[in-house]
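**Student:** Sequence first, predicted coordinates after that:
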Amino acid sequence: MAAKHDLRIISIEQLIRYRMERDRLVHELQSYRLESPYGPWEVRIYGQSTSDQRHASFSFGSWHEQDDVLVRMQSGALALLHGSILRHQIAAIRFTLRRL
């Protein structure tokens, strides 16, 4: 059937590799600087193209590719209101920063 319609047959591995190289399911929507008592954070908000989900990254300081980087992951709703984090989220971040 593939020959009849002039189609190539590929493996699942090739399909996955192709899609990982070309598909972009998450894209940056916004970035801004957030001042805090601990110093400035770089905040990036991402949108997922397959849903209405939003994701956020908070970067503090700088690092190089070979550096070990401490990461804090949090699941659940991230409430952002016009670029500022709600009070309960600020408290969670402060708790984490004090422990560092």
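**Tutor:** That came in fine, so what should we check first? Numbering: from 1, shown residues only.
**Student:** Not counting sequence-adjacent ones, nearest residue to residue 58?
**Tutor:** Once flanking residues are discounted, residue 58 sits nearest to residue 41: 5.1 Å by C-beta to C-beta, 6 or more residues apart in numbering. The way it works is simple: take the backbone N, C-alpha and C, and place the C-beta from them, glycine included.
**Student:** Next: residue 31.
**Tutor:** Residue nearest to residue 31 in three dimensions, not counting chain neighbours: residue 44, with 4.5 Å by C-beta to C-beta, 6+ apart.
**Student:** helix or strand for the one you found, which one?
**Tutor:** Element membership for residue 44 (DSSP states H and E) is strand 41-48.
**Student:** go on, residue 91?
**Tutor:** Using DSSP H and E, residue 91 maps to helix 87-99.
**Student:** show me what contacts the residue nearest to residue 58?
**Tutor:** Applying C-beta atoms under 8 Å, 6 or more residues apart in numbering to residue 41 gives the contacts 33-35, 58-60.
**Student:** ditto for residue 63
**Tutor:** residue 69.
**Student:** Show the backbone phi and psi for it.
**Tutor:** Torsion angles at residue 63 (phi, psi; degrees, to the nearest 10) stand at phi -160, psi 170.
**Student:** quick one: contacts of stretch 12-28?
**Tutor:** So stretch 12-28 is contacted by 10, 44-50, 55 (C-beta under 8 Å, 6+ apart).
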